[in-house]
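> A predicted structure for the sequence below; I have some questions about it.
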Amino acid sequence: MKMGSLLFLICCLLLARAASLAEFKGDEAAIYLDLYHVDGSNSSLGNKYPEPFAHALARDENRIKALRYRITSTKARKPSIILNQSIDILGPESVSIPVNSGLSLGSGNYYVKIGLGMPAKFYAMLLDTGSSLSWLQCQPCVVYCHAQVDPLYNPSTSRTYKSLPCSTSQCSSLKEATLNDPLCEYRTGKCVYTASYGDSSYSIGYLSQDSLSLSPSETLPRFLYGCGQDNEGLFGRAAGIVGLARQSLSMISQLSSKYGNAFSYCLPTETSTASGFLSLGRASLAASAFRFTPMITESREKSLYFLRLGAISLAGKPLAVAATQYRVPTIIDSGTVISRLPSSVYAALKQAFVKIMSRKYSKAPSYSILDTCFKGSLKTMSVPQMRLVFLGGADLALTPANILIDVEKGTTCLAFASGSGDIEIAIIGNHQQKTFKVAYDVTNARIGFAAGGCQ
């Protein structure tokens, strides 16, 4: 009987450990969440009839325009106090709320499941390192909610839910987090947020506070987020967005006092049967042999993650461009698919890549923004080695799947594009980040890379 009781106790302990996604190391903890591509083979958000890839590239361009605006705009963006604007979110005024379309970013390509409320209900939320305010669709959804895979969140069922009044400092901070002025609902005095995106999607609702659950045993009380009552646009079937930018209302900032201001992730490929991960907390940085590059702060847009690209090599040879050509504002971003390079750097990469690939493969017509394409499939092609080298020696030694992308049957393209605009920017997109572990050590202002995949 004693032996049976002992075995039962051991089994309970193992089950309890398996149920928790928190890994503790000393006084710190890392919270591990499964991370999925929205169109992945194991995704619950995938569409039965996937859209043409050209549509995804069009959204990518909208996101780039939004990023460029945020970085290059000369308009002052100081956190504002509540303006003398009031609305009735239930009334006709709500359809004419002023939004700065194109200021914030579009939705992402990867999602995690997080819990809200007490008792907790879990929802599939898009991950975005370029957004600050997290939000999800909420009942009664008085204006509009897009179709989502999970039931709509009902805040009235949570013992810990509360909406915030307009007089709070958190309401004032919405301007910095969303780039839209906060508003005040005149019937109730509730603070109203507006999150607008580069593709004209938006979410409008109440700034709220509730319990956030990251695992069965790890919760954050008084988590600030948006409870969306009018949510329209291209969010797929996700419940909302999780913001991980460098701003006080982002999820990582709100978790920092408990876990530390750091996180890491591994983005899985669409064809992978395994999930990637999002790991929150300082301890997540110790899990791999990261090589770090400085995290640069851009004075015009402090919430995004900047770094310095120093060189690109192809087939073991550096591109024939001056080092100064790389010195443009460069962002690493989870929501942009295709990396953008300064026009002179891209021209050199295209020339060198075509010279190597055209020996074996026929050129194919351009596809949307991708103008370096070949007839064939990624699976059958021999691709030259490519490395992206960053300030301080950190690098991404790209695999063929990071370099090329199949855009349609029989056509594959170089997964880079040229920057554009009067003021150039560069972006390290998620296609080049796939299967690498990427670390964001906000406290020590550094970004790290490690090979090894998403296992």
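Nice, I can see it.
> When you work out contacts or count neighbours from here on, use the C-alpha atoms and nothing else.
OK.
> tell me what the helix or strand hosting residue 59 is packed against?
Using DSSP states H and E, residue 59 falls within helix 53-72. Judged by 3 or more Cα pairs under 8 Å, 6 or more residues apart in numbering; DSSP states H and E, the packing partners of helix 53-72 are strand 404-408.
> Buried residues, the helix holding residue 59. List them.
57, 59-71 (16 or more other Cα atoms under 10 Å).
> what helix or strand does the nearest residue in space to residue 183 that is not next to it in sequence sit in?
Closest residue to residue 183 apart from its sequence neighbours, by Cα to Cα, 6 or more residues apart in numbering: residue 192 at 4.9 Å. Per DSSP H and E, residue 192 falls inside strand 191-196.
> ok, that strand: who's next to it in the sheet?
strand 183-185 (antiparallel), strand 202-213 (antiparallel) (DSSP bridges).
> can I get the buried residues of helix 53-72 in TSV with pLDDT and distance to residue 184?
Output for those, formatted as TSV (pLDDT from 0 to 100; distance: Cα to Cα, whole Å):
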residue	pLDDT	distance to residue 184
57	85	37
59	81	31
60	83	33
61	84	33
62	80	30
63	83	29
64	83	31
65	81	30
66	81	26
67	83	28
68	83	30
69	80	27
70	82	25
71	83	29
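> Export the residues you listed as a markdown table, with columns for distance to residue 368.
Listed next are the buried residues of helix 53-72 as a markdown table, based on distance: Cα to Cα, whole Å:
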| residue | distance to residue 368 |
| --- | --- |
| 57 | 7 |
| 59 | 11 |
| 60 | 11 |
| 61 | 10 |
| 62 | 13 |
| 63 | 15 |
| 64 | 14 |
| 65 | 16 |
| 66 | 19 |
| 67 | 20 |
| 68 | 19 |
| 69 | 22 |
| 70 | 24 |
| 71 | 25 |
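> which SS class is residue 278?
For residue 278, the assignment made with DSSP: H, G, I helix; E, B strand; the rest coil gives strand.
> and it, how many neighbours does it have?
24 (other Cα atoms under 10 Å).
> Kindly state the beta-bridge partners for it.
residue 33, residue 265.
> In this structure it contacts residue 262, no?
No. If you go by Cα atoms under 8 Å, residue 278 and residue 262 don't touch, sitting 11.0 Å apart.
> Go through the buried residues of helix 53-72 and name the one nearest residue 370.
Distance to residue 370 across the buried residues of helix 53-72 (Cα to Cα) is lowest for residue 57, with 9.0 Å.
> what's the spacing between the most centrally placed residue in the chain and residue 218?
The residue lying closest to the centre of the chain (Cα atoms, centre = their mean) is residue 128, at 2.1 Å. Residue 128 sits at a distance of 22 Å from residue 218 (criterion: Cα to Cα, to the nearest Å).
> what do you get for residue 377?
Between residue 377 and residue 218 the computed distance is 44 Å (Cα to Cα).
> ditto for residue 424
42 Å.
> between these two, who's got more neighbours?
Comparing residue 424 with residue 218 by other Cα under 10 Å, the one with more neighbours is residue 424, at 19 against 13.
> how many other residues sit next to the residue lying closest to residue 190 once chain neighbours are set aside?
Nearest residue to residue 190 in three dimensions, chain neighbours excluded: residue 165, at 4.4 Å (Cα to Cα, 6+ apart). Applying other Cα under 10 Å, we find 19 residues neighbouring residue 165.
> quick one: secondary structure of residue 384?
coil.
> pLDDT at residue 324, what is it?
Residue-level confidence at residue 324 comes out at 95, pLDDT.
> do residue 97 as well
On the pLDDT scale, residue 97 gets 38.
> Please apply the same query to residue 140.
With respect to pLDDT, residue 140 scores 94.
> And it, its phi and psi?
Here is the backbone geometry of residue 140 (degrees, to the nearest 10): phi -80, psi 0.
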